[in-house]
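Q: Sequence and predicted structure, then a few things I'm wondering about:
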Amino acid sequence: MSPRNQRLLLPAASVVVFLVAWSLYVHTAAVSAFVLPPPEAIVAALSKMVFDPKLWSHVLVTATETVSGFVIAVFLGVFLGFVMARIPPVEWAAKPFIIVFQLIPKIALAPLFILWFGFGLESKIVISAALAFFPVFSNALVAFKSIEPGDRDVMVILQARPMQRFVMLELPTALPVILTGMEVAVVLAMIGAIVGEFIGGNEGLGFLAVSYLQNLAVPDLFAVIVLLTLLGLVLYAIIGRLRAWLTPWHVSTSSGG
Amino acid sequence: MGLDMPPSRSDIRISGLSKIFGSGGAAVAAVTDANLEISHGEFISLLGPSGCGKTTLLRIIAGLEIPSAGSVEVRGKSVWSGAVRSTTATRPISMMFQEARLFPWFTVAENVALPLRIAGVERAKRQARAHEICATVGLKGFENHRPTALSGGMRQRASLARALVTDPEVLLLDEPFGALDAMTRDALNVELMDVCARAKVTTILVTHSINEAAFLSDSVVVLAPRPARITNIVEMPFERPRDLDLQRRLEFQDMVGHLRHLLTGAAA
Ligand SMILES: Nc1ncnc2c1ncn2[C@@H]1O[C@H](COP(=O)(O)OP(=O)(O)OP(=O)(O)O)[C@@H](O)[C@H]1O
Ligand SMILES: [Mg+2]
């Protein structure tokens, strides 16, 4: 078999082997279906679910919360990272808050946000943004700080205005590193949305997971986990497309895959 | 200093210029009491060993470094008023650095057109001009390449094109072709000399190469380190236009020998 065929076939083969082994184990070792359902039960639950329009409204809710929280985190993180990189006194003043916010287990703030922002979408968006903020912010801060003095000199000689300097030098320089922060952030944004749904609310995939657990509908619970993974995959892939589109010149784009 | 220019046409006037980096025991005098007048269209070189303040002098003229004392005037306007860089005084200045400093997110043509874009020239006009200047420096056919796809020599060509695209009146060059092989360097120097002569650009070139300085310049400014200062200003009496054959002539060889003598004397 050629190496190219192997690269295509081996991952598929290992997944099939894994699923068959799982199924055999559940059936032969007589594991309770409440603990670990066989894969075919999960597939059955999943295929029943996807034809239920109610499921898609839950997916939409979680996706909306995640994307909103993520977008807020990106704008806030890039903005604050830029301001603090450009005006060091702002960073010095903000330092205690940055450190505390970095160390605090942000998940622990979730109940507080529910208290402040209610059981609707808003509280989940805030939790999601709080979790996603840091990787974007810290990457943006480092990225905007590491613009080469020689490149700055070029813009000084050309008498670029601050906005031109930002668009033509600072943002393009920082983008590859910011995008790396965004890859981490998008996953955290989804975790934030789900945790918010766990603890308060009556819609979204996180809420669905909790209610399946309460009904001991374990295959359906697994199906929700599969859906969440797929949602994460889609979001991650979007960032990948964004990288290829925004920074086609950069090594991080060409060496991917 | 200019051969055929009345003294009032001086383009760059440097008087009593000093620059001290750091303070106390760690202070380094990078430029000490420099005085220099450069006429319109004149080509001068700053020649001297490492650390004698060539880059610092150039950066002060460009408005990238604040002088500790003294003044720089470009076309009658002060580059520095206190610690503030004058944008009107520095507007006619274009500078090329030792590294190409092209932006990888722009194509070659976009890099070359960047000064025009920043100045607000409309797209079609600046693209036409960028293509024109790319052809002048031998980059025809590479306009849509990314800088990373160019050789080192081609990157320096693009950098030169970017420095020339605005038709600057004053051109500052800090060892622009230092990293290139001798042949490419000669070719680019000839092109540079032609462009500067044709457009009557006032040019200051920083270089380590005695040959290069003697070949290109109307006058060579010799500097010495510790303390960094100007020791001699020598006129190059070779008629223009010049070509590479000049370097084989006896009078040229004599001049190179003289400059070398001044340099080693200055270093001692
Ligand atoms: N930003 C700076 N901070 C402190 N010292 C500096 C700085 N820039 C230059 N110097 C010092 O000033 C002196 C002159 O430096 P400069 O770069 O002007 O020399 P140069 O003639 O261009 O040397 P080279 O030929 O190696 O490029 C050196 O001793 C250097 O250490
Ligand atoms: Mg130097």
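A: Ah, there it is. Ligands and ions are numbered 1, 2, ... in the order given.
Q: Mind listing what's buried along the helix or strand where residue B:206 lies?
A: Using DSSP states H and E, residue B:206 falls within strand B:202-207. Neighbour counts using 16 or more other CB atoms under 10 Å in any protein chain shown place B:202, B:203, B:204, B:205, B:206, B:207 of strand B:202-207 among the buried residues. Where you see a C-beta, it was placed from the backbone N, CA and C, and this is true even at glycine.
Q: Can you give me every residue that contacts the residue lying closest to residue A:131 once chain neighbours are set aside?
A: Ranked by CB to CB, 6 or more residues apart in numbering or on different chains and with sequence neighbours excluded, the top spatial neighbour of residue A:131 is residue A:192, at 3.8 Å. Contact analysis of residue A:192 by CB atoms under 8 Å, 6 or more residues apart in numbering or on different chains lists A:65, A:66, A:69, A:106, A:110, A:124, A:127, A:128, A:129, A:130, A:131, A:132.
Q: Residue A:46 now?
A: A:223, A:226, A:227.
Q: Tell me if I'm right that the first one and residue A:42 touch.
A: So the one you mean is residue A:223. Yes - contact criterion CB atoms under 8 Å: residue A:223 and residue A:42 qualify, at 5.7 Å.
Q: The two: which is more packed in?
A: residue A:223 (26 against 21; other CB atoms under 10 Å in any protein chain shown).
Q: Domain boundaries for chain A, per the record?
A: Using automatic domain parsing, the domain parsing of chain A gives A:1-31, A:37-256.
Q: meant to ask about chain B
A: B:1-92+B:172-268, B:95-167.
Q: Does the shortest one reach ligand 1?
A: No - with CB under 6 Å from any ligand atom as the measure, domain B:95-167 is seen stopping short of ligand 1, the closest distance being 7.7 Å.
Q: The residue lying closest to residue A:222 once chain neighbours are set aside sits in which helix or strand?
A: Nearest residue to residue A:222 in three dimensions, chain neighbours excluded: residue A:42, at 4.4 Å (CB to CB, 6+ apart). Here residue A:42, judged by DSSP H and E, is contained in helix A:39-49.
Q: tell me which residues in that helix are buried?
A: A:39, A:41, A:42, A:45, A:46, A:49.
Q: circling back: distance check, the residue nearest to residue A:222 against residue A:178.
A: Look at residue A:42 and residue A:178: by CB to CB, to the nearest Å, they are 37 Å apart.
Q: Likewise for residue A:243?
A: 10 Å.
Q: Same drill for those two, tell me which one is more crowded.
A: It is residue A:178, of residue A:243 and residue A:178, that has more neighbours when counted by other CB under 10 Å, with 27 against 20.
Q: In this model residue A:138 seems to touch that one, though I could be wrong.
A: No - using CB under 8 Å, residue A:178 makes no contact with residue A:138, being 10.3 Å away.
Q: okay, and the common contacts of those two?
A: Joint contacts of residue A:178 and residue A:138 (CB under 8 Å, 6+ apart) are residue A:81.
Q: Pull the number of nearby residues for residue B:259.
A: Neighbours around residue B:259, by other CB under 10 Å: 21.
Q: check whether the helix or strand where it lies contacts ligand 1.
A: Following DSSP H and E, one finds residue B:259 within helix B:250-267. No - with CB under 6 Å from any ligand atom as the criterion, ligand 1 is not reached by helix B:250-267; the gap is at least 12.3 Å.
Q: where does the residue nearest to residue B:36 when sequence neighbours are not counted land in three-state SS?
A: Nearest residue to residue B:36 in three dimensions, chain neighbours excluded: residue B:14, at 4.2 Å (CB to CB, 6+ apart). What DSSP: H, G, I helix; E, B strand; the rest coil gives for residue B:14 is strand.
Q: The closest residue to residue B:143 other than its chain neighbours sits in which helix or strand?
A: Spatial nearest neighbour of residue B:143, excluding adjacent residues (CB to CB, 6+ apart): residue B:109 at 3.9 Å. Here residue B:109 sits within helix B:108-118, counting by DSSP H and E.
Q: same for that helix, what does it pack against?
A: helix B:123-136, helix B:152-164 (3 or more CB pairs under 8 Å, 6 or more residues apart in numbering or on different chains; DSSP states H and E).
Q: Those: which one's closest to chain A?
A: Distance to chain A, taken as CB to the nearest CB, is lowest for helix B:152-164 among the helices and strands packed on helix B:108-118, at 8.5 Å.
Q: helices or strands up against that closest one?
A: Helix B:152-164 packs on strand B:93-96, helix B:108-118, helix B:123-136, strand B:170-174, helix B:182-199, going by 3+ CB pairs under 8 Å, 6+ apart.
Q: Select from those the stretch with the lowest mean pLDDT.
A: With a mean of 89, helix B:182-199 has the lowest mean pLDDT of those.
Q: List the contacts of that helix.
A: Against helix B:182-199 from outside (CB under 8 Å, 6+ apart): B:41, B:43, B:136-138, B:153, B:156-157, B:160, B:164, B:167, B:171, B:173, B:176-177, B:180, B:201, B:203, B:212, B:215-216, B:240-244.
Q: what's the closest non-adjacent residue to the residue of chain A most remote from its centre?
A: In chain A, the residue that sits farthest from the middle, by CA atoms, centre = their mean, is residue A:157; the gap is 40.6 Å. Closest residue to residue A:157 in three dimensions, ignoring its sequence neighbours and counting by CB to CB, 6+ apart: residue B:95, at 4.8 Å.
Q: separation between the one you found and ligand 1?
A: 14 Å (CB to the nearest ligand atom, to the nearest Å).
Q: beta partners for that residue?
A: On the basis of DSSP bridges, residue B:95 is bridged to residue B:172.
Q: who's in contact with it?
A: Counted by CB under 8 Å, 6+ apart, residue B:95 has contacts A:153, A:157, B:58, B:62, B:163, B:171, B:172, B:173, B:174.
Q: Narrow those to those that are buried.
A: With burial judged by 16+ other CB under 10 Å, the buried subset of those is A:153, A:157, B:58, B:62, B:163, B:171, B:172, B:173, B:174.
Q: For the last one, which non-adjacent residue is closest in space?
A: The reference is to residue B:174. Residue B:174 sits nearest to residue B:206 (CB to CB, 6+ apart), 4.7 Å away.
Q: Report the beta-bridge partner residues of the one you found.
A: residue B:46, residue B:174.
Q: Just the pLDDT for residue 77.
A: Just so you know, I chose chain A. Taking residue A:77 on its own, its pLDDT is 97.
Q: Let me rephrase: I mean chain B.
A: 92.
Q: Equivalent analysis for residue B:267, please.
A: Confidence score, pLDDT, at residue B:267: 56.
Q: one step back: give me the distance from the next helix or strand after the helix holding residue A:42 to the chain's centre.
A: Downstream of helix A:39-49, the first helix or strand assigned by DSSP H and E is helix A:53-86. Here helix A:53-86 is found 9 Å from its chain centre; the criterion is CA atoms, centre = their mean, to the nearest Å.
Q: so where's chain A shaky on pLDDT?
A: Across chain A, the ranges flagged by pLDDT under 70 are A:254-257.
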